[in-house]
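**Q** My questions concern the predicted model and sequence given below.
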Amino acid sequence: MSGHHDPAAVPVVSVHDLYFAYEPGRPVLAGAELALYARHRLAVLGPNGGGKTTLFRLIVGALKPDAGEIRLDGRPLRHTRKGLLELRQQVQLVVQDPDDQLFAASVYQDVSFGPVNLGLPAPEVRARVDAALGALGITELADRPTHLLSFGQKKRTAIAGAIAMCPRVLVLDEPTAGLDPVGVEALLATLHDLHVAGTTLVISTHDVDLAYRWSDEVAIVADGTIHRAPVDVALADHDLLTRARLGPAWAPTVHTLLERRGGLSGARPQTAAELYALLDTATRTIQPSSHHTGGAGAGA
Amino acid sequence: MSGHHDPAAVPVVSVHDLYFAYEPGRPVLAGAELALYARHRLAVLGPNGGGKTTLFRLIVGALKPDAGEIRLDGRPLRHTRKGLLELRQQVQLVVQDPDDQLFAASVYQDVSFGPVNLGLPAPEVRARVDAALGALGITELADRPTHLLSFGQKKRTAIAGAIAMCPRVLVLDEPTAGLDPVGVEALLATLHDLHVAGTTLVISTHDVDLAYRWSDEVAIVADGTIHRAPVDVALADHDLLTRARLGPAWAPTVHTLLERRGGLSGARPQTAAELYALLDTATRTIQPSSHHTGGAGAGA
Amino acid sequence: MLPLDTIAYTNRWRPRHPGEKALLSLGLLVCAVALPVWPGALVVGAVATVILFGPAGLSVGQAAHALRVPLGFVVAGSLPLLFAVGGSTGVRIDLHGLTLAAQLAGRSTAALLCLLLFAATTPLADVLPRLANLGVPPAVTEITALMYRMLFLLLDTVRAIREAQASRLGFRNWSTSYRSLAGQGAAVFVRAFDRARRMDEGLALRGYTGSLRVDVESRPVSRSFVLLSAAVLVAVVTVTLTIRLALQ
Amino acid sequence: MHIAEGYLPPLHAAAWTVAAAPFVVHGCRALVRQVRTDPESKLLLGAAGAFSFVLSALKLPSVTGSCSHPTGTGLGAILFKPPIMSVLGCIVLFFQAVILAHGGLTTLGANTFSMAIVGPWVGYGIYALIRKLGGGLGVAVFLAAALADLSTYCVTSIQLALAFPDADSGVFGAAVKFGSIFAITQVPLAISEGFLTVLVIRLLIKASPGELSRLGVVRDSVRRSGASAASVGEVAA
Ligand SMILES: Nc1ncnc2c1ncn2[C@@H]1O[C@H](COP(=O)(O)OP(=O)(O)OP(=O)(O)O)[C@@H](O)[C@H]1O
Ligand SMILES: Nc1ncnc2c1ncn2[C@@H]1O[C@H](COP(=O)(O)OP(=O)(O)OP(=O)(O)O)[C@@H](O)[C@H]1O
Ligand SMILES: [Mg+2]
Ligand SMILES: [Mg+2]
């Protein structure tokens, strides 16, 4: 997979033996470990209240760990004004509810906030905003007031605001929640472009199938720790999945079941479309005659 | 399917040639038709901004249609105080964001709001609240302040508040959004109990697979109209799905593809588990020898 | 949610610099108030109406909807002028008051049309960030912009809560209504501060360290629009004063 | 109780603007100072302002069957103190003028004076006085909210009377005239608002005691205030 990292490389951001509790005695994270490498795509899964959002808030410095360390390019993060400023130029978080992040009256103004704060000259600000709006496909919304946007449009604006900071790591908390399937595809296309452009991407999701098809690696946050594994390993570990209140991803499960049965060949499918294609090929190979007669029966 | 209705029956709630626009000239619904029968389970699908929430707000009388009619037990709804009062004793809506519904200081107080407003005597109020809390499994939260609940707990409290009104029709706007897979199962179990108890259930969702496994019928809200069809018909109509920005449900799709290939027998699976069972049986039937050896390979 | 606000964003004059529109509409507003009511109100009112429905492209329906409530205030406020109290007769119809009430209604209506011309063409998103240029302290303009943003979030919350309460029969009678309303007030308070807290964090993540400065869309000032506006204002003053002199 | 756009003669409009200006400027100074020492409070102030706007958009049931709105000045003053309210109230009135066409820009000074200055000061003064005299929270809140509303409407009547004195009885007669006409709607409304504000504060003590004590509305002992609020509830019920 394109995102697999060189094990000797220094992670952009890493988390070491992290402890955090909102209330004393009830730790949300206890000994969490995580590393984000350049161009990595990580999906964070876990039960409600497992600590995904908390982890993200720690990574971007919104919360201060009780113990443990967060490192940026191998150097420990200091929770000073300066340290945080540096961190936030590298790592941007898009929170789940876009209304928490949009404050300005118009889309253009809102997206310009980060670059203006960075103290960039006006033409540079304008260029960054235009690029961010373009990347999200919302150039024509620039003049629209934030309060008249639909949910999906707000989400894109919030992401554009983060991208305008040109972060090396972009963390998105449940970016697909509330989007319709086509909206999800559009978002994934945007994330793909960012991935190609070299951004490290982290998303949290409750959708195992999405994690399966999108990420290089998954991190499962449950019981205070983080279990990291390549996608296909993690999603085949039924104990882990049960503990994390997750189900298996269906495409690999079906594939595995069919493989046992024989007759399916080729790489493990990453998406529904790939599995369908595989099944279709298999159908054609084995019983070419029945291919076009069976179609009508689907809806009966 | 258990929910299939007698075509001669009078629907509990029906919607006839409904027109509605928030802004003149931009209708959200234009000629919508829908009927909810007793003990029916309907899933409403559609793109973002398609009009699902708007339809629900019209059905519960929060919005007044520009034209067309809503009927309760066959009698046209009048948007008078009295007419709405009658409607609201029969039909309850649980909105997507539970924060929009919870305003009282404690869970118990919030759930008791409706029964108290009905003017019931205190013991009856208590009985209803206890029953509702019990049905949602949140009896032990009764004294907790609503704003300290987790998202899933808030959701349950909001549903309990609606159930305490003992409605014949319960409408839920995206009830599974933001819940983890186990949370979704728990919710579905609750809905199943309500279904068994005779409540008509309507949910909206972006999850085609959920609609497929849960509902008797789906209604697709797109382009101002509502396309109604039994689940397996609707979810096999690719044109309709494309127009509604939806993908196909995967369990029936895989099943269909496998049927073409031959070797699968039995009823169309409703859930992932059923399909897996089917595949597993098929595997065993065809190649009993490979069954227990293939398992480990899944994660490799 | 607030129709006039929405209209402003889709209005034909949206791309114009807010200063241009302020010059024209607020200039007319000053004329409406400062010039002699007769014939000033008539002249200003007529000019504002023509601009509103002509170049600014507002529809009659939109204007009627926006002006319904404020015109109600004007009418209600004029009624007390129709009679005099406390004289020998106690209460009597005051004929002089009739002229006064008519003048008042005329001036107010004309002024309202000017206000509408500004409000329906000039969205606050364009105005607020530029208030700093007028000498308003940045802290105040930024808080104003935040209020504007949060306003809509809270209005939506109130709407949703009101609907949910109505659906659970919260407005069945007086006592349930008060309970519901108090619930709304409290819920809005809690939500407002929760919003502030969450937005504070959301902004911190975007590099917020105390300043909410943003880049404002550039809107070139059209010299011809400014000159035409000035000409309209001069014409309004001249015509009004001329008619006034001719009448005397 | 807004005075509509263009309703006041130019001299009156200007005079009320001049009268309101020092209060608003003083409030602005206080606000700028607070924001400088505590930049985080910017968002809280934005929320407070938005809350004030939305409060005045709540629909009160009224005797006439139609709906009317509370002024919210009493509650705002208790929660955020009068100097801040003079700025927030002025901004709210500005918003109401340019996005609802309620009130107006030429009458902004006069409306600010009655709704954002006199109302909050009267409300807060009464609240502080009753609390100092050992009165219960409920009574203090009720009177503060009701009298803030009433004082606003009295000032508005006087503003109108000064602009349009009665032919027979002059300014005083006109004030009585305007006052008694608005009294039909305003007196029940003020009482309504008083009750409502008590209920709101009571809920707030339960729902966000932290915020209230930060704003200085309740002191250390939340339990004691909770108890007094409960007795207030009996008054209101
Ligand atoms: N501000 C807070 N104060 C106290 N406890 C909190 C706070 N935020 C979260 N928690 C608690 O911390 C735990 C982890 O919450 P978190 O939001 O990180 O979970 P999550 O994995 O993001 O869940 P979800 O899938 O529901 O978004 C939960 O038990 C939650 O109740
Ligand atoms: N209060 C409102 N004022 C104006 N327009 C609105 C309002 N609420 C919704 N709309 C518009 O009406 C259309 C339908 O919205 P609705 O919320 O019903 O869609 P939905 O199907 O529920 O979408 P989603 O899947 O995103 O929840 C959208 O175009 C939306 O922008
Ligand atoms: Mg979370
Ligand atoms: Mg919706």
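**A** Noted; the coordinates are in hand. Ligands and ions are numbered 1, 2, ... in the order given.
**Q** was I right about C:Ala187 contacting C:Arg159?
**A** No. C:Ala187 is beyond contact range of C:Arg159, at 11.8 Å (criterion: CB atoms under 8 Å). From N, CA and C alone the C-beta is placed, and that goes for glycine too.
**Q** who's more crowded, the two?
**A** C:Ala187 (28 against 15; other CB atoms under 10 Å in any protein chain shown).
**Q** Break the chain down into its domains, please.
**A** Just so you know, I chose chain A. According to automatic domain parsing, chain A comprises the domains A:13-103+A:162-248, A:252-297.
**Q** Actually, chain C is the one I wanted.
**A** Domain assignment for chain C by automatic domain parsing gives C:3-122+C:221-247, C:130-205.
**Q** partners of the worst-scoring helix or strand of chain C on mean pLDDT in the sheet?
**A** The helix or strand of chain C with the poorest confidence is strand C:83-87; it has a mean of 74 (mean pLDDT, DSSP states H and E). Strand C:83-87 pairs in its sheet with strand C:90-93 (antiparallel), by DSSP bridges.
**Q** quick check, the very next helix or strand once past the strand it pairs with touching chain B?
**A** Once the chain leaves strand C:90-93, the next helix or strand it forms, by DSSP states H and E, is helix C:95-121. No. Among the residues of helix C:95-121, none lie within reach of chain B under CB under 8 Å from any CB of the partner chain; the closest is 14.7 Å away.
**Q** Spell out whether helix C:95-121 and chain D are in contact.
**A** Yes. Against chain D, helix C:95-121 shows contacts by CB under 8 Å from any CB at C:96-97, C:100, C:104, C:107-112, C:114-116, C:118-119.
**Q** Selecting buried members of these in PyMOL, what would you type?
**A** Selection command for PyMOL covering only the buried members of these, criterion 16 or more other CB atoms under 10 Å in any protein chain shown:
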select buried, chain C and resi 97+100+104+107+108+109+110+111+112+114+115+116+118+119
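**Q** Skipping its backbone neighbours, what lies nearest whichever residue of chain C sits closest to ligand 3 in space?
**A** Residue nearest to ligand 3 within chain C (CB to the ion): C:Arg198, separated by 12.6 Å. Nearest non-adjacent residue to C:Arg198, counting by CB to CB, 6 or more residues apart in numbering or on different chains: A:Asp100, 4.3 Å away.
**Q** Helices along the stretch 201-300 of chain A, start to end?
**A** Taking DSSP state H, counting those that start in this stretch as the test, the helices found in the stretch 201-300 of chain A are A:208-214, A:231-234, A:238-243, A:250-261, A:272-286, A:291-294.
**Q** And residue 112, what's its pLDDT?
**A** The chain I'm using is chain A. Predicted confidence (pLDDT) at A:Ser112: the value is 94.
**Q** hmm, I had chain C in mind actually
**A** Looking at C:Leu112, the pLDDT reads 95.
**Q** Secondary structure element holding the closest residue to chain B within chain D?
**A** At 3.9 Å from chain B, D:Lys206 is the closest residue in chain D, using CB to the nearest CB. Assigned by DSSP H and E, D:Lys206 belongs to helix D:170-207.
**Q** What is the burial count for the residue nearest to C:Leu98 when sequence neighbours are not counted?
**A** With CB to CB, 6+ apart as the criterion, C:Leu98 has its nearest non-adjacent residue at 6.1 Å, and that residue is C:Leu82. C:Leu82 has 14 neighbouring residues, counting by other CB under 10 Å.
**Q** Would you mind measuring from C:Leu82 to D:Gly173?
**A** C:Leu82 is 14 Å from D:Gly173, where distance means CB to CB, to the nearest Å.
**Q** what's the residue nearest the centre of chain D in contact with, if anything?
**A** Most central in chain D under CA atoms, centre = their mean is D:Thr73, positioned 1.5 Å from the mean C-alpha point. D:Thr73 is in contact with D:85, D:89, D:115-116, D:119-120, D:123, D:148-149, D:152, counting by CB atoms under 8 Å, 6 or more residues apart in numbering or on different chains.
**Q** Can you add secondary structure and distance to C:His65 and give those back as TSV?
**A** Shown next, in TSV, are the contacts of D:Thr73 (DSSP: H, G, I helix; E, B strand; the rest coil; distance: CB to CB, whole Å):
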residue	secondary structure	distance to C:His65
D:Met85	helix	31
D:Gly89	helix	26
D:Met115	helix	25
D:Ala116	helix	27
D:Gly119	helix	29
D:Pro120	helix	32
D:Gly123	helix	34
D:Ala148	helix	31
D:Asp149	helix	28
D:Thr152	helix	27
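**Q** Residue in chain C with the shortest distance to ligand 4?
**A** Nearest to ligand 4, among the residues of chain C, is C:Ala160, at 11.6 Å (CB to the ion).
**Q** Just the element for A:Tyr22, please.
**A** Following DSSP H and E, one finds A:Tyr22 within strand A:13-23.
**Q** quick one, the following helix or strand past that strand and strand A:13-23 angle?
**A** Later in the chain than strand A:13-23, the nearest helix or strand by DSSP H and E is strand A:26-36. Computed with axes from the mean of the first three to the mean of the last three CA atoms, to 10 degrees, the direction of strand A:26-36 lies at 170 degrees from that of strand A:13-23.
**Q** So for strand A:26-36, what gets flagged as buried?
**A** Going by neighbour count (16+ other CB under 10 Å), the buried part of strand A:26-36 is A:27-30, A:32, A:34-36.
**Q** and the helix holding D:Lys206, what does it pack onto?
**A** Packed against helix D:170-207, as judged by 3 or more CB pairs under 8 Å, 6 or more residues apart in numbering or on different chains; DSSP states H and E, are the following elements: strand C:83-87, helix C:174-204, strand D:60-61, helix D:73-80, helix D:137-163, helix D:209-214, helix D:222-236.
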